[in-house]
Each structure stands twice: as structure tokens, then as C-alpha cells.
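*Asks:* Quick check, what structure comes out for this input:
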Amino acid sequence: MKLLIVDDDSLVCRSLQILLGKEADIEVIGIASSGREALELCKQELPDAVLMDIQMPLMNGIACTAELKKLYPALRIMMLTTFNDEEHIRSALKAGADGYLLKSAAIETMANQLRALVSGTAVLDRNVFKAIIEPEHNTLDGLTEREQDIVECVAQGLSNKEISEKLYLSDGTVRNMLSIILDKLELRDRTQLAIYYWKRK
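*Replies:* Residues are numbered from 1 along each chain as shown. Here you go, the predicted structure:
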């Protein structure tokens, strides 16, 4: 995985570059101190994933994320920040962020979450999830109550096995219901489903 780190704190950048660079499957191809610098480096290096801070000079992480997603829709962007409030979380997800982690997360957790992100899984830190209040619209149009329960579990980042255990359903039933839900909402996969859930507000 080719990774770009974006943060205006040079100490944070260097630390992440060293620690994540020790992972055999992660190559830190560059660091940027602003959104504008990140845009230039992405054009030059074409990374697989970006670790993006929110508060930066010249262009903040949310604005940069929105711009990068327009230019490179397949690029996976993980917000990495100290902000753990609903406004920043929702703004980041609406801008196109694929994941949201806190800087307090352990390096091993960051590495694993980045791998999950690149493989196509939406990632929300559990502490971040707790900070998000229930969306304004409590129902998902066209879905049964049980289907809505499954969508909420997917939005929390639970696997099919975890969903089946939580809702007392078989793995096969969860898979079948997920397929039905995706068809009803005209979405491609569970990643889109999770982002769809959090963008409704």
C-alpha cells in the first residue's frame, strides 16, 4: 500500500512515517503539511490511501478530501484527527472520507484500519461512532425494522458474523438480507451502505 500522510504538525508526520513505515506492506510515499501540498503530491505519487488531518493552513483536510475525491474517486482517505464531535465527523464523511480515526489510536490499530480501508471497508473508530448522535431521520425509506437494524450494524462497522450474533440471525440470513437492502437502496456494497447511513442527516 502506498500511503500519503497529511498533517501540519511535523512531529506527527515524522512519527507516523517512521512507525507506519515499519509495516511490511505499507510504503509511506510522502508527507504533506497542507491540503494544497497534498493535492500536488497525489498528482505526482498516486497513493493508494491518505491519512488526512482536518485542521491545517491553506486548505483544511475536509476541503482537500472533497477535492481529491473529485479527482481520484478510487483513492481511499482516512481522516486522522483529535476532533471527536458530530459536526466534524459528518462533514468529513460528506466530503467523501472513507474512514475516521482518532490520533489517540495505537499504531497497530491505524495500520490494520488502513488495510481494511484499502480493501474496501468503511472504517469508523468506535469512539467516533459513540460521538455521533442518531441521524435526524430515524427510518430508512422502504426498509423493514429488521433491515434497518442490519443497516445500523453495518454503519457501526460490524462484520456479518458480529451482526448475526447481535441480532440472533444466521450468517446466511444476514448475507441475504444485506443483498436485499443493497438492491432496495440501489447501492453497490456495504461500504456505500455505511456512508449512506451517516450522510442522511
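
*Asks:* switch to C-alpha atoms for all contacts and neighbour counts from now on
*Replies:* OK.

*Asks:* Show the residue spans covered by the strands in this protein.
*Replies:* Using DSSP state E, the strands found in the chain span residues 2-6, 27-32, 49-52, 76-81, 99-102, 123-124.

*Asks:* now those strands as TSV including distance to residue 117, mean neighbour count and mean pLDDT?
*Replies:* Listed next are the strands of the chain as TSV, based on distance: least, C-alpha to C-alpha, whole Å; neighbours: other C-alpha atoms under 10 Å; pLDDT from 0 to 100:
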stretch	distance to residue 117	mean neighbour count	mean pLDDT
strand 2-6	12	23	97
strand 27-32	15	20	96
strand 49-52	8	26	96
strand 76-81	7	25	91
strand 99-102	7	25	86
strand 123-124	6	23	70
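
*Asks:* Between those, which one is closest to residue 145.
*Replies:* For residue 145, the closest of the strands of the chain is strand 123-124, at 23.4 Å, according to C-alpha to C-alpha.

*Asks:* In CSV: the strands of the chain, plus distance to residue 180.
*Replies:* Putting the strands of the chain into CSV (distance: least, C-alpha to C-alpha, whole Å) gives the following:
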stretch, distance to residue 180
strand 2-6, 35
strand 27-32, 38
strand 49-52, 30
strand 76-81, 26
strand 99-102, 25
strand 123-124, 23
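
*Asks:* Show me the domain layout of the chain.
*Replies:* 2-131, 145-199 (automatic domain parsing).

*Asks:* Could you name the helices and strands sitting against the top helix by length along the chain?
*Replies:* Longest helix in the chain by number of residues, with DSSP state H as the criterion: helix 171-185. When contacts are defined as 3 or more C-alpha pairs under 8 Å, 6 or more residues apart in numbering; DSSP states H and E, helix 171-185 sits against helix 145-155, helix 160-167.

*Asks:* Buried residues, stretch 31-45. List them.
*Replies:* Neighbour counts over stretch 31-45 (16 or more other C-alpha atoms under 10 Å) mark 31, 32, 33, 34, 35, 36, 38, 39, 41, 42 as buried.

*Asks:* let me fix that: stretch 161-180
*Replies:* Buried, per 16+ other C-alpha under 10 Å, within stretch 161-180: 163, 164, 171, 174, 177, 178.

*Asks:* Could you pull up the residues touching the closest residue to the fifth one other than its chain neighbours?
*Replies:* Read it as residue 177. Once flanking residues are discounted, residue 177 sits nearest to residue 147: 6.9 Å by C-alpha to C-alpha, 6 or more residues apart in numbering. Contact analysis of residue 147 by C-alpha atoms under 8 Å, 6 or more residues apart in numbering lists 177, 178, 181.
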